[in-house]
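Trainee: no sequence on this one, just coordinates:
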């Protein structure tokens, strides 16, 4: 999933409030080794400030010059960067990534209802799945490049000709079902459309708000994850002063977890209260949930004691989901090192990656 909106939101909201149009850069096609993949987004303002990265900082300054033209003219533009071997020197960039990246630049502003940014920002706020399609190339003057097509029934969509309407709506449904950007047409076709599903941030539940939860919230927050911290101790269940990056901090008894929170919305849970009776109550509630990743902090002997107390039925329900001891083996015993290993393991699990060397 490449279409992340969270890194773009502060710049988007600033420019929208000021009524200044921006340029949205969308990766539409890649070949070989590239920093980002189709569906990746970058926002560029007229003053040169940008949010999101499409390369390691190699292409952004050149993209800005093209973005100025797009913001001025309102006409979308496709730029191709070939960073393979000596040909890369023609760009004067010297990237040497051995890949090709094709990027669509389109103007987003009041004239087009700030789409697709308005759709993505609202869905991100509500944590709802959605997708948008952008026209990369078109032979139909009624649907020029840069047009944004939204799912059926939503306002703000560019009007697609009847002959194309059903095909583009089907493409949007396909992107949502597959969870990745999908394209209609290729470089050789007169009509090219890219459908992008919004990448929703994972929802993380931390059961325990002790000192070692602080760096974990910071790392997860830097990834724009939605974090809920739950603790039975008033000194730890403080949101503004203790966990400014958390979406929610809840004071509650461990045995009341399932009654206090709807556990269906979480992608991962970490049990780290450092209190055996509390951790047992948390594991009991999590075993009855469908949360796909459950991590338990502590050594193996502590895990075995907790599972023995949980009983065979609860243990069986956690099979395949429980990681204990939690985290990847990256070395280091400082709270920051442990937090990094936990976030890295959750990240790899959620992305279906092995979590080892490339």
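Mentor: Sure, I can see it. These numbers were taken from a predicted model, which means no experiment stands behind them. Numbering: from 1, shown residues only.

Trainee: Now do the buried residues in stretch 58-71.
Mentor: Using 16 or more other CB atoms under 10 Å as the test for burial, stretch 58-71 gives 58-60, 63-64, 66-67, 70-71. (Each C-beta comes from the backbone N, C-alpha and C, glycine too.)

Trainee: Out of those residues, which sit inside helices?
Mentor: Among those, the members falling in helices are 60, 63-64, 66-67, 70-71 (criterion: DSSP state H).

Trainee: could I get those residues as TSV with pLDDT and distance to residue 219?
Mentor: As requested, these are arranged in TSV below (pLDDT from 0 to 100; distance: CB to CB, whole Å):
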residue	pLDDT	distance to residue 219
60	81	25
63	91	29
64	91	30
66	95	35
67	95	32
70	96	36
71	96	35
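
Trainee: rewinding a little: now, which of the buried residues of stretch 58-71 sits nearest residue 131?
Mentor: Taking CB to CB as the measure, residue 131 sits nearest to residue 70 out of these, at 22.9 Å.

Trainee: if we take the buried residues of stretch 58-71, which one ends up nearest to residue 51?
Mentor: Distances from residue 51 to the buried residues of stretch 58-71, taken by CB to CB, are shortest for residue 60, at 10.6 Å.

Trainee: distance of the closest residue to that closest one other than its chain neighbours from residue 6?
Mentor: Distances taken as CB to CB, 6 or more residues apart in numbering place residue 50 nearest to residue 60, at 6.1 Å, with adjacent residues excluded. Applying CB to CB, to the nearest Å, the value for residue 50 to residue 6 is 15 Å.

Trainee: how about the residue nearest to residue 60, what does it touch?
Mentor: Counting by CB atoms under 8 Å, 6 or more residues apart in numbering, residue 50 makes contact with 11, 42-44, 60, 64.

Trainee: and the chain, what are its domains?
Mentor: 6-197, 203-350 (automatic domain parsing).

Trainee: What I need now is these written out in JSON lines, including distance to residue 358 for each item.
Mentor: Output for those, formatted as JSON lines (distance: least, CB to CB, whole Å):
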{"stretch": "domain 6-197", "distance to residue 358": "11"}
{"stretch": "domain 203-350", "distance to residue 358": "12"}
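
Trainee: what's the closest of these to residue 357?
Mentor: Nearest of the domains of the chain to residue 357, taken as CB to CB: domain 203-350 at 11.3 Å.

Trainee: How far does that closest one sit from its chain's centre?
Mentor: Using CA atoms, centre = their mean, to the nearest Å, the distance from the centre of domain 203-350 to the centre of the chain it belongs to is 21 Å.

Trainee: Walking through the stretch 151-300 of the chain, point out its strands one by one.
Mentor: Counting by DSSP state E, counting those that start in this stretch, the stretch 151-300 of the chain has strands at residues 182-184, 192-197, 203-207, 226-231, 248-251, 268-271, 293-296.

Trainee: what would those strands look like in CSV with mean neighbour count?
Mentor: Converted to CSV, the strands of the stretch 151-300 of the chain look like this (neighbours: other CB atoms under 10 Å):
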stretch, mean neighbour count
strand 182-184, 20
strand 192-197, 25
strand 203-207, 25
strand 226-231, 24
strand 248-251, 17
strand 268-271, 26
strand 293-296, 22
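
Trainee: Mind checking those for the one nearest to residue 152?
Mentor: Among those, strand 192-197 comes nearest to residue 152, with 12.9 Å by CB to CB.

Trainee: Just the element for residue 81, please.
Mentor: For residue 81, the enclosing helix or strand under DSSP states H and E is strand 77-82.

Trainee: low-confidence ranges in the stretch 1-150 of the chain?
Mentor: For the stretch 1-150 of the chain, residues meeting the criterion pLDDT under 70 lie at 1-2, 57, 84-98.
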